[in-house]
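[1] The following block contains a protein sequence and its predicted model.
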Amino acid sequence: MSSVREEGKDRIIFVTKEDHASPSSAELVEEDPNDPYEERGLILPSGEINWNCPCLGGMASGPCGTEFKDAFSCFHYSKEEVKGSDCLENFRAMQECMQRYPELYPQEDEKEQQQQQSSETKPTSQDSAETSGANSSATKEDSDTTKPNTDDSVES
Amino acid sequence: MLKCRTVWRTLAPLARTSSTVCRQNARRAGLNNGRLPACVPAAHMSTAPAGGGRENQLYVLLVGATCVGGAIYAYRTVKGDSQRYQDRIDEISSRPLKTFTEEPATPTQSEPPAAPSPAEPSPPAPDAEILAPIETADLPSADEPVIEASPEEAAEPPVVEPEPSPPSEPTPAELTEPVADSESPAAESAAAAKPAEPQLEAVTESGDASPASHKVSSHTPYLLIGGGTASFAAARSIRARDPGARVLIVTDELVPPYMRPPLSKELWFSDDPSVTETLRFKQWNGKERSIYFQPPSFYINAEELGSAENGGVAVLTGKKVVHMDVRGNKIKLDDDTEISYDKCLIATGGVPRNLQVIERAGEEVMKRTTLFRKVEDFKSLDKVSRNVKSITIIGGGFLGSELACALGRRSTESDLEVIQMYPEKGNMGKVLPEYLSNWTTEKVKKEGVKIISEALVKSVVSKDDKLEIQLKDGRLVKTDHIVAAVGLEPNVDLAKSAGLEVDSDFGGFRVNAELQARSNIWVAGDAACFYDIRLGRRRVEHHDHAVVSGRLAGENMTGANKPYWHQSMFWSDLGPDVGYEAIGIVDSSLPTVGVFAKATAKDTPKAATEESGTGIRSESETEHTASSPVASSAPSPTGVQHKDEYGKGVIFYLRDKVVVGIILWNVFNRMPIARKIIKDGEEHADLNEVAKLFNIHDD
């Protein structure tokens, strides 16, 4: 049973797991998928890429930002059987650029072109290929993870 | 041209009256003075009939004298005008060279000048080049200050005027003069009697803004003042949205942008003895990173910014912006360099406040006081903490409590005494409801901190190499070093020169919901007092807000026109057992409703980070923004039933029955739900039902 206590203007409720077992009756306002103010995920409702997505971290804004944008755009709009097979030149250019900045783009990440995930506030997250815990590289400046990203993800 | 016009203006009334008089004279046949010229302001009261020759002669004399006097006056006025004008031009010419490369503005001088379109930066000449820009002096946008001075003269054909400090080269000087010539008539046309002075004064005013300097100035499309979190976030946002953008960050710090939260948290828990040098910290799961957002190789040199093919972000360290000329779209640094911009962000953050009693206490006390904010403060406090026996932290808010816990942890290894004193009843007294504040204080005590609550400092003196803090209730505290964590004073130094509004309630620059202060000026971060559509006008001093507002400002600087909508969050850890995330207005003076479950071993910050596999909780929070919100559902083991153990739960802060703030107490990865509730702004009858949405019993 939940217990309620009042301390002046503050109310304190203690609840057990059973108290919260039943579904909530609180009503939330329905989300508008076309709300222009909302933060967008990686792909905008129009189908374009949101380069400012926090999930990209610094990829689109760094020294190799242009190359990255070209390569990823090409991939995104690619209609080939093997998606992105017509973008090899772009990816090569991007790789070349990244090799010039090993500090920013540690070697492992060249494989992960799609769907990078790194936070906006702190541009480091562990490469998911290595989450087994191995500290293969002790220091990471700006690495990326691959984590499947839902296309029109919008956080509430 | 000048002379004709001035002559005409001065004599126009004369001419008019004289013409009527002449007509009258002609009608009154009988008076025919051949000697009288046509333009004579003759006020004939009466005309004597034929025969009044004597009187006529007198009249003639009077009229003649008046006419001559009038002519002399007119001549002298015109002469004086032209002389004054010449003096002005000479004075201006004698001023040293000051030029910019500004984009050729389309001649929109008839309207209040808008910023030149940023989309196509003119091939920016690097600092050294002056000659090329001079050639474009014929359509500079630098004339805008002058145009602004006389907006009423919009009717006049657009007058293109050069920058008020014309170059010393001969060719441009020639350009200057004929162009400058045309400015006087423009002035004249506006106000007949007024000489060209107001126009020139306006010119010289903005000229005064760029005083004598022999440094070469330059131009950048995007200028970010301040090198902190908000600035970096804006730079990233601009670069993402404007391909090839050139962004210049100017900071008075000596290091590139870094994040502040680890300075009072993670860096103190590092095992590495060289942490003060490396500024790297190990996260719970062993991953290490630097406090710097990006390593130095990310940035390009300020000198190369203009010529970089794909643009980039340059950081100018160790330079303070001392003056901002909004009309001229330029700023001046403390070394007299001038930089013009198209879009500017002010992200100057703030300066730690100090207690008046300490400021007045003298050099000896100030020497032993730390105002904690920057990297160097961390370095010095770390050193101090290893060398003294007792540190007192004044302040019971976020920074004070976090530092107390960090130093308290250190005190277990050494014999350092850590004291924390504040006027409230408990830690975070202005944020947490009283019961929770008390509970938190107990936890802080467990970290090895001596708490002195309800303490108001009366005086501080230095005695025998120690500091004596006298409290108003008589208590005396002896210590070696003081850390003052009593708030932040937003840095609005530029408000005066820039003519920007400062908010009197919250401090900081007053901006609208889109973070804009004026046409090309945005403000983000700690220094921005902005309008939050949901929660009202406020100013927020948290890290995530700096990120969110910086990003938003960057978006708006590249044309997004979005208001502040995505609510930022904040968090705090007080030791390994107490950690919370919060969002919205979290003010302990508001009525609250707290819904708690019992705490288990799994409900700690440490557990949260291990669970989500990421280093810092703010990381996991923002990861959520890229994927749909999911509340994890591992079953929790049953813990001990402690009625007053506020292990984990949710606290709602209400204003007029609407939830305006939420604290997630030892409950993590639920921020999207909290954000949604605040965004809805609905009145909920039963907050327990709302609390169910958080699944607080789950992991």
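    Perfect, I can see it now. Numbers count the residues shown, from 1 in each chain, chains lettered A, B, ... in the order given.
[2] where does chain B have low pLDDT?
    B:1-53, B:95-217, B:284-285, B:598-604, B:606-644, B:699 (pLDDT under 70).
[3] could you redo the last one with a cut-off of 80?
    Low-confidence segments of chain B, defined by pLDDT under 80: B:1-53, B:88-217, B:282-286, B:575-577, B:598-644, B:699.
[4] residues contacting B:Gly426?
    B:396, B:432, B:434, B:437-438, B:440-441, B:453 (CB atoms under 8 Å, 6 or more residues apart in numbering or on different chains). Any C-beta I mention is one placed from the backbone N, CA and C, and that applies to glycine too.
[5] quick one: which of these has the most company?
    B:Gly396 (31 neighbours; other CB atoms under 10 Å in any protein chain shown).
[6] Distance of it relative to B:Ala406?
    15 Å (CB to CB, to the nearest Å).
[7] show me the biggest helix of chain B in terms of residues.
    If you go by DSSP state H, chain B has its longest helix at helix B:53-94.
[8] In terms of secondary structure, what does that helix contact?
    helix B:2-27, helix B:170-181, helix B:197-209 (3 or more CB pairs under 8 Å, 6 or more residues apart in numbering or on different chains; DSSP states H and E).
[9] ok, now with 6 Å
    Packing partners of helix B:53-94 (3 or more CB pairs under 6 Å, 6 or more residues apart in numbering or on different chains; DSSP states H and E): helix B:2-27.
[10] Does the residue lying closest to A:Lys83 once chain neighbours are set aside lie in a helix or a strand, and which?
    Leaving aside its chain neighbours, A:Lys83 sits nearest to A:Phe75 (6.6 Å; criterion: CB to CB, 6 or more residues apart in numbering or on different chains). Following DSSP states H and E, one finds A:Phe75 within helix A:65-77.
[11] any idea of the mean pLDDT for that helix?
    The average pLDDT for helix A:65-77 rounds to 91.
[12] C-terminal to that helix, what's the next element?
    Downstream of helix A:65-77, the first helix or strand assigned by DSSP H and E is helix A:88-99.
[13] Quickly check: that following helix near chain B or not.
    No. Counting by CB under 6 Å from any CB of the partner chain, no contacts exist between helix A:88-99 and chain B, the nearest distance being 9.6 Å.
[14] quick one, that helix and helix A:65-77 angle?
    Taking axes from the mean of the first three to the mean of the last three CA atoms, to 10 degrees, one finds helix A:88-99 and helix A:65-77 inclined to each other by 150 degrees.
[15] in chain A, which spans are strands?
    Taking DSSP state E to define them, one finds strands in chain A at A:3-7, A:10-14, A:116-117, A:145-146.
[16] Deepest in the core, which of these is it.
    Scoring these by mean neighbour count under mean count of other CB atoms under 10 Å in any protein chain shown gives strand A:116-117 as the most buried, with a mean of 26.
[17] helices and strands around the helix or strand hosting B:Lys332, which ones?
    Applying DSSP H and E as the criterion places B:Lys332 in strand B:330-333. Using 3+ CB pairs under 6 Å, 6+ apart, the elements in contact with strand B:330-333 are strand B:321-325, strand B:338-346.
[18] what does that strand rub up against?
    For strand B:330-333, contacts defined as CB atoms under 6 Å, 6 or more residues apart in numbering or on different chains pick out B:319, B:321-324, B:338-340.
[19] need these in a markdown table with distance to chain A, can you?
    Formatted as a markdown table, those follow (distance: CB to the nearest CB, whole Å):
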| residue | distance to chain A |
| --- | --- |
| B:Lys319 | 23 |
| B:Val321 | 23 |
| B:Val322 | 29 |
| B:His323 | 30 |
| B:Met324 | 26 |
| B:Glu338 | 27 |
| B:Ile339 | 21 |
| B:Ser340 | 23 |
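[20] Narrow those residues to those that are buried.
    Buried members of the contacts of strand B:330-333, counted by 16 or more other CB atoms under 10 Å in any protein chain shown: B:319, B:321, B:323-324, B:338-340.
[21] and B:Thr370, what does it touch?
    Applying CB under 6 Å, 6+ apart, the residues contacting B:Thr370 are B:377, B:381, B:483.
[22] how does it look with 10 Å?
    For B:Thr370, the contact set (CB atoms under 10 Å, 6 or more residues apart in numbering or on different chains) comprises B:352, B:377-378, B:380-381, B:384-385, B:391, B:393, B:403, B:481-485.
[23] So what sits opposite it in the bridge?
    Beta-bridge pairing of B:Thr370 under DSSP bridges involves B:Val483.
[24] Now for chain A, the helix or strand with the poorest mean pLDDT.
    Least confident helix or strand of chain A, by mean pLDDT, DSSP states H and E, is strand A:145-146 with a mean of 32.
[25] re the thing from before, need the strands of chain A in CSV with distance to chain B, can you?
    Formatted as CSV, the strands of chain A follow (distance: least, CB to the nearest CB, whole Å):
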stretch, distance to chain B
strand A:3-7, 5
strand A:10-14, 4
strand A:116-117, 6
strand A:145-146, 9
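[26] mean pLDDT lowest for which of the ones you listed?
    With a mean of 32, strand A:145-146 has the lowest mean pLDDT of the strands of chain A.
[27] Can you name every helix or strand that the helix or strand that contains B:Glu277 contacts?
    Secondary structure from DSSP H and E places B:Glu277 in helix B:275-278. Applying 3 or more CB pairs under 10 Å, 6 or more residues apart in numbering or on different chains; DSSP states H and E, one finds that helix B:275-278 contacts helix B:375-387.
[28] Can you mark which positions in the helix it packs on are buried?
    Buried, per 16+ other CB under 10 Å, within helix B:375-387: B:375, B:377-379, B:381-382, B:384-385.
[29] same check, this time on stretch B:681-691
    For stretch B:681-691, the neighbour count (16+ other CB under 10 Å) marks B:682, B:684, B:687-691 as buried.
[30] So which of those residues belong to helices?
    Filtering the buried residues of stretch B:681-691 for helices - DSSP H - leaves B:687-691.
[31] filter those residues by proximity to chain A?
    B:687-691 (CB under 10 Å from any CB of the partner chain).
[32] Going by distance to A:Asn90, which of those wins?
    Nearest to A:Asn90 among these: B:Val690, at 48.4 Å, using CB to CB.
[33] which ones are touching the closest one?
    Per CB under 10 Å, 6+ apart, neighbours of B:Val690: A:24-28, B:593, B:595, B:650, B:652, B:659, B:662, B:673-674, B:677, B:682, B:684.
[34] again, only using 7 Å
    Contacts for B:Val690 (CB atoms under 7 Å, 6 or more residues apart in numbering or on different chains) come out as A:24, A:26, B:677, B:684.
[35] Pull the most distant pair out of those.
    Taking CB to CB, no two of the contacts of B:Val690 sit farther apart than A:Ser24 and B:Ile677, at 11.2 Å.
[36] okay, these two: which has more neighbours?
    The residue with more neighbours, out of A:Ser24 and B:Ile677, is B:Ile677; 27 against 16, by other CB under 10 Å.
[37] quick one: the more buried one and B:Val658 touch, right?
    No. Counting by CB atoms under 7 Å, B:Ile677 sits too far from B:Val658 to count as a contact (9.8 Å).
[38] and stretch B:57-76, C-alpha only, in CSV?
    Below are the C-alpha coordinates for stretch B:57-76, written out as CSV (Å, rounded to 0.1, in the frame of the first residue of the first chain):
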residue,chain,number,x,y,z
GLN,B,57,14.7,108.0,-50.4
LEU,B,58,14.8,106.9,-46.8
TYR,B,59,13.0,103.8,-47.6
VAL,B,60,15.3,103.1,-50.4
LEU,B,61,18.3,103.5,-48.1
LEU,B,62,16.8,101.2,-45.5
VAL,B,63,15.9,98.6,-48.0
GLY,B,64,19.2,98.9,-49.6
ALA,B,65,21.0,98.4,-46.4
THR,B,66,18.9,95.4,-45.5
CYS,B,67,19.6,93.9,-48.8
VAL,B,68,23.3,94.3,-48.5
GLY,B,69,23.2,93.0,-45.0
GLY,B,70,21.2,90.0,-46.1
ALA,B,71,23.6,89.3,-48.9
ILE,B,72,26.6,89.5,-46.6
TYR,B,73,25.0,87.2,-44.1
ALA,B,74,24.1,84.6,-46.7
TYR,B,75,27.6,84.8,-48.1
ARG,B,76,29.2,84.2,-44.8
